[in-house]
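Engineer: here are the coordinates; sequence isn't available:
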């Protein structure tokens, strides 16, 4: 049973060795968002009566960075190994689909949580942040990272080149995170766009995560949990299936 | 005991120009403890066959068994028994040599493997590179690491796909000494190579592949016995007449004629003289595996 742990450890060490690029850089980006949007919009935008805009923004930025980096970890590792050819070292081992899945997704979770914690650490000083339900914070952080780590794994298996990978990221992952309510509450949107936002699975991750801090959210955290959990089961099943048939990795 | 059994293995690829048959009903067995050579020109299907054996490709039909276990259904057990050195010079740029070897051991479920890893590094002349990043190594050094990575789990069956392509003499010596030692200790070795003198020196049995078909399969000594016994070899500064050139193998200035007896040799030399040419550095040597290989490939076309 230690085979998957070795692969997991390899995947963690891989991003840890270049942590300036994989952890520090996204934390700095989030800090810039905080400085600019927090400064511009504080006092102009009211989301919930009890919550300042800056305090509202902090969990959103944490979750956005966490999700994007969890995705980046598994996807870039897979694409890079495929292109460099060193994926063969894993293909030649007895490691099965579940071991691959566990290793890649858990490493993505670790990267997502590390970046999320970093963003929280540098942005928390700008706002007086409350923590009402720590358990919801942890649940949505881990589940969100696992979800995006799994999507990253699927995208990494599918993509043959880096530019296909960045299309996936630029045209799907980034818009969906930006439009999920990182910078605003969807209640501030016209009814039509509120409905559209409800179709975005990323919305539920950020909304549930925020509930842990403020005890208020756009929808019930239980609904968010059910939807995000259900979506995770679906994408995990797809990822395991692709690994089992050796999609684009075994001819 | 049979180490590897290829049973009617076929593989077709669908390309733009229709279906290409890379392997056409390949069947042969390799016994435990053999040093087996798989030879053939580029595109003959050697790497395709090895990729199917390693589980990197699925066969279109047929089966491969490793120590009696099916490659496609008993995947995990088969991979524990196989050590495959891939042909492509691949590496993971994030890690040092020792890290790469420790991870590779871990994938096979082996922890605390450092005693064996140290021995591998030592035998492959990598001891002083253990803590170097993979990126810092020369091509030859990377090739050695590939060999070490394939051996972390002491596999009973070792598969080397052109391990000496583009590698200097020193490494070839080190590598063959080590692989020969493992073979003496009971490991089965399957080798593909373009260096026929290596195959002749190392392999006790040889299969030759052409266009996806086995065109020769025999002990190395029998293959050599069945070929023309001698080769007349000389150097020439001018062009050989066409009718003579058709019978010879010409490599730059070097001309070689297969010959069975002294009369044949005299005839060739007389023909060269009649053409007004002067043969230099004339010698007669025993036929080697390269001659056999060219014979077999010529006959198969």
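Structural biologist: All right, it came through fine. Not measured: the values here are computed from a predicted model.

Engineer: Where does residue A:66 sit: helix, strand or coil?
Structural biologist: helix (DSSP: H, G, I helix; E, B strand; the rest coil).

Engineer: ok, the closest residue in space to it that isn't next to it in sequence - contacts?
Structural biologist: Distances taken as CB to CB, 6 or more residues apart in numbering or on different chains place residue A:116 nearest to residue A:66, at 3.5 Å, with adjacent residues excluded. (Glycine included, C-beta is placed from N, CA and C.) Taking CB atoms under 8 Å, 6 or more residues apart in numbering or on different chains, we find residue A:116 in contact with A:62, A:63, A:65, A:66, A:69, A:141, A:145.

Engineer: Look up how far residue A:37 lies from the residue lying closest to residue A:41 once chain neighbours are set aside.
Structural biologist: Leaving aside its sequence neighbours, residue A:41 sits nearest to residue A:53 (CB to CB, 6+ apart; 5.3 Å). Separation of residue A:53 from residue A:37 (CB to CB, to the nearest Å) stands at 8 Å.

Engineer: swap in residue B:58?
Structural biologist: According to CB to CB, residue B:58 stands 52 Å off from residue A:37.

Engineer: More neighbours: which of the two?
Structural biologist: Taking residue B:58 and residue A:37 together and counting by other CB atoms under 10 Å in any protein chain shown, residue A:37 has the greater number of neighbours (18 against 14).

Engineer: The more buried one touches residue A:183, doesn't it?
Structural biologist: Yes - between residue A:37 and residue A:183 there is a contact under CB atoms under 8 Å: 6.3 Å.

Engineer: So which of the contacts of residue A:116 are in helices?
Structural biologist: A:62, A:63, A:65, A:66, A:69, A:141, A:145 (DSSP state H).

Engineer: which one of those sits closest to chain B?
Structural biologist: Nearest to chain B among those, counting by CB to the nearest CB, is residue A:69 at 17.2 Å.

Engineer: circling back: I'd like the ones in helices among the contacts of residue A:116 laid out as CSV, including pLDDT, distance to residue A:3 and neighbour count.
Structural biologist: CSV is the format used below for the ones in helices among the contacts of residue A:116 (pLDDT from 0 to 100; distance: CB to CB, whole Å; neighbours: other CB atoms under 10 Å in any protein chain shown):
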residue, pLDDT, distance to residue A:3, neighbour count
A:62, 96, 33, 27
A:63, 95, 32, 30
A:65, 95, 31, 26
A:66, 97, 28, 33
A:69, 97, 26, 28
A:141, 98, 27, 26
A:145, 98, 23, 29
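
Engineer: Out of these, which comes closest to residue A:156?
Structural biologist: Of all those, residue A:156 sits closest to residue A:69, with 14.3 Å by CB to CB.

Engineer: what's the closest non-adjacent residue to the closest one?
Structural biologist: Nearest to residue A:69 is residue A:115, by CB to CB, 6+ apart, at 4.3 Å.

Engineer: how distant is the helix or strand hosting the one you found from the center of its chain?
Structural biologist: Residue A:115 is part of helix A:97-123, with elements assigned from DSSP states H and E. A distance of 8 Å separates the centroid of the chain from that of helix A:97-123, by CA atoms, centre = their mean, to the nearest Å.

Engineer: Then stretch B:163-173?
Structural biologist: 13 Å.

Engineer: Next, count neighbours for the residue nearest to residue A:41.
Structural biologist: 20.

Engineer: Assess the claim that residue B:32 and residue B:190 are in contact.
Structural biologist: No - with contact defined as CB under 8 Å, residue B:32 and residue B:190 do not form a contacting pair (11.8 Å).

Engineer: Quick check on the two: which one has the bigger neighbour count.
Structural biologist: residue B:190 (24 against 14).

Engineer: Residues contacting the helix or strand harbouring that one, please?
Structural biologist: The secondary structure element spanning residue B:190 is strand B:188-192 (assigned by DSSP H and E). For strand B:188-192, the external contacting residues (CB under 8 Å, 6+ apart) are B:3-4, B:30-40, B:46-47, B:50, B:53, B:87, B:156-163, B:179, B:182-183, B:198-199, B:202-203.

Engineer: One more pass at 6 Å, please.
Structural biologist: When contacts are defined by CB atoms under 6 Å, 6 or more residues apart in numbering or on different chains, strand B:188-192 is touched by residues B:3, B:32-38, B:46, B:157-162, B:183.

Engineer: Generate a ChimeraX selection restricted to the buried entries among those.
Structural biologist: Applying 16 or more other CB atoms under 10 Å in any protein chain shown to those, the buried members can be selected in ChimeraX as follows:
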select /B:3,33,34,35,36,37,38,46,157,158,159,160,161,162,183
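
Engineer: Now chain B against chain A: closest residue?
Structural biologist: For chain B, CB to the nearest CB, closest residue to chain A: residue B:106, 2.4 Å.

Engineer: which residues does that residue contact?
Structural biologist: residue A:6.

Engineer: what about it, is that helix, strand or coil?
Structural biologist: Taking three-state DSSP, the label given to residue B:106 is helix.

Engineer: In the chain, which residue is most central in space?
Structural biologist: If you meant another chain, say so; for now it's chain A. residue A:67 (1.3 Å; CA atoms, centre = their mean).

Engineer: I was thinking of chain B, sorry if that wasn't clear
Structural biologist: residue B:192 (1.8 Å).
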